[in-house]
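Colleague: let's see this in three dimensions:
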Amino acid sequence: MKVKLILPALIEAAAPGFLAQFAGEGRSAARRPIKYSLFPPLGLAQLAAFLDVEDDVRIVDEHVERLELDDVPDLVGIEVYITNARRAYAIADHYRARGVRVVLGGLHVTSLPEEAARHADTVFLGPADQTFPEFLRDLRAGRPKARYSSTRDRSLADVPLPRRDLIRRELYLVPNSIVVTRGCPHHCEFCYKDAFFAGGRSFYTRRVDAALREIDSLPGRHLYFLDDHLLGDARFARNLFAGLRGMGRLFQGAATVDAVLRGDLVERAAEAGLRSLFVGFETLDPTALRRAGKVQNLGRDYDRVVRRLDELGVLINGSFVFGLDGDGPDVFERTVDWAASRGITTATFHIATPYPGTALYTRMEASGRILTRDWERYDTRQVVFEPQGMTRAQLQDGYWRAYRDFYSLPNIFRAASAHTSLSRSVKHFAYSLGWKRCEPVWDWVIRARALTRTRPLLEGVLATVRRVGELAPSAEAEPRRLPVVETTPERAA
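Modeller: Modelled structure (predicted):
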């Protein structure tokens, strides 16, 4: 069987505007190509692992390579996110017109299955780790169903490793991306994941030995854990980091504010090679946190989070959301000032976006605050709802101003100077400047197919600036320990 698995380009990866808004020059500049050349589509590589070895399988990531449409495979599978949905449906319609069987899956398909079903022979709702093998059995028997839903029995004890041999490593800055946990134990109002995991277990892990075997198989030093919450299961994380110690790896990942403050997991992660952490601060306003269901951040000392990670030499990518109920026009300046004064290395800003299938969407739809259902605008950079504490224009303009101000040279210097040692300040400056202020260089590197040559530079910047000392357990209580069960990678949204 000839199979083609496709990740269509997100609209924000192909459309003009990001650099222009970042520089305050209007909407005529080019896209930021490096952001969309980071990680390979692991979800598709995982699906490929379920196919027979004699099948002719190809993975095409439209972010990094041209998608040819003049072929006639036996099966086309397409991964659909909200801002690539229009493109995904166009590709699906093209192949179906050629008589090709088309299947669709992903976050957007799960949120709006009736919409997706108009463009597919089969749709997959939720994680496809059990349902895709079931579909293949039905297909070979000549009776494939129109819909497969993942609910109970989400266990992946026999799931094979992703087909990394189908990934063109040279096209990605971080080909060693990996997922070792699935989902998230928290339930924030604006998060897509609750709809995706509805009807079954919403947070579970791989077995530690299986995760370590996959890590050991990856070349080079650098890893990027795409997990929503790498520290979400304390027992699993502790065993994983124990296995990683001595492997000489440098890795990046994501965790919550409360997980950084609780226990000694973050110290163990740093000993194992953690050098950069994505942290969802989201907002400095406790009322906005409560309204958004981000209860795990309530009452937490953000300054202590920053100090703890800085003492370990771990860079911070802080995530912040603007436009939450309760935000006023001053939220942008307050947020940027806090992040720069505390030494946050990089910041990811978002406009609150009510994705279909989320509690936020349901609440805003009920109150008539949804402004558009043009899914291509749901990229967290555009206002698609009626804000409460400011005008739409204030929210839109404030978002771009926050990016410009945070990544201005004075604020980069200010944030770099907030660290307690010169080596950390230099490390901060190099990382922040290289990520946001060297776009023409990254563009040339990508066009020259030279990303492989830049990885040693990334590893050098991430290398530790101090030896992590004795573990210093927090006085706070240990987190509740969840059972360890196996899961498998997926590409993050």
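Colleague: report the helix or strand with the lowest average pLDDT across this structure.
Modeller: Least confident helix or strand of the chain, by mean pLDDT, DSSP states H and E, is helix 18-23 with a mean of 38.
Colleague: pLDDT of the next helix or strand after that helix, averaged?
Modeller: Downstream of helix 18-23, the first helix or strand assigned by DSSP states H and E is helix 42-48. The pLDDT scores in helix 42-48 average 95.
Colleague: what does helix 42-48 rub up against?
Modeller: Residues outside helix 42-48 that contact it (Cβ atoms under 8 Å, 6 or more residues apart in numbering) are 3, 5-7, 57, 59, 77, 79, 106, 128-129, 132, 159, 162-164, 166-167, 177-179, 226, 488-491. Every residue, glycine included, has its C-beta placed from N, CA and C.
Colleague: so Arg87: helix, strand or coil?
Modeller: Under DSSP: H, G, I helix; E, B strand; the rest coil, Arg87 falls in the helix class.
Colleague: I should have written Val57 there, sorry.
Modeller: Three-state call for Val57 (three-state DSSP): strand.
Colleague: wait, isn't it in contact with Leu51?
Modeller: Yes: between Val57 and Leu51 a contact is recorded at 5.5 Å, counting by Cβ atoms under 8 Å.
Colleague: overlap in contacts, the two.
Modeller: Joint contacts of Val57 and Leu51 (Cβ under 8 Å, 6+ apart) are Val3.
Colleague: mind listing what Asp303 touches?
Modeller: By Cβ under 8 Å, 6+ apart, the contact list for Asp303 reads Arg342.
Colleague: so Val57 and Leu51 - more neighbours on which side?
Modeller: Neighbours were counted for Val57 and for Leu51 using other Cβ atoms under 10 Å; Val57 has more, 24 against 19.
Colleague: what's near enough to touch the more buried one?
Modeller: Val3, Lys4, Leu5, Ala48, Leu51, Arg163, Leu166.
Colleague: ok, the residues you listed vs Ala85, which is closest?
Modeller: Using Cβ to Cβ, Leu5 comes nearest to Ala85 of the contacts of Val57, at 17.0 Å.
Colleague: how much space between that closest one and Thr110?
Modeller: Distance of Leu5 to Thr110, given as Cβ to Cβ, to the nearest Å: 18 Å.
Colleague: give me the domain ranges for this structure.
Modeller: Per the record, the chain has its domains at 2-149, 176-462, by automatic domain parsing.
Colleague: ends of the longest one, what's the gap?
Modeller: With Cα to Cα, to the nearest Å applied, domain 176-462 spans 15 Å between its terminal residues.
Colleague: model confidence over it, on average?
Modeller: On average, domain 176-462 scores 93.
Colleague: and that domain, how far from the chain's centre?
Modeller: Offset of domain 176-462 from its chain centre (Cα atoms, centre = their mean, to the nearest Å): 8 Å.
Colleague: the closest residue to Leu277 other than its chain neighbours and Val109, how far apart?
Modeller: Ranked by Cβ to Cβ, 6 or more residues apart in numbering and with sequence neighbours excluded, the top spatial neighbour of Leu277 is Val314, at 5.5 Å. Taking Cβ to Cβ as the measure, Val314 falls 36 Å from Val109.
Colleague: phi and psi next, for Tyr204.
Modeller: Taking degrees, to the nearest 10, you get phi -160, psi 170 for the backbone angles of Tyr204.
Colleague: those helices in the stretch 1-150 of the chain, which residues are they?
Modeller: For the stretch 1-150 of the chain, the helices defined by DSSP state H, counting those that start in this stretch cover 11-14, 18-23, 42-48, 85-97, 107-111, 113-117, 131-140.
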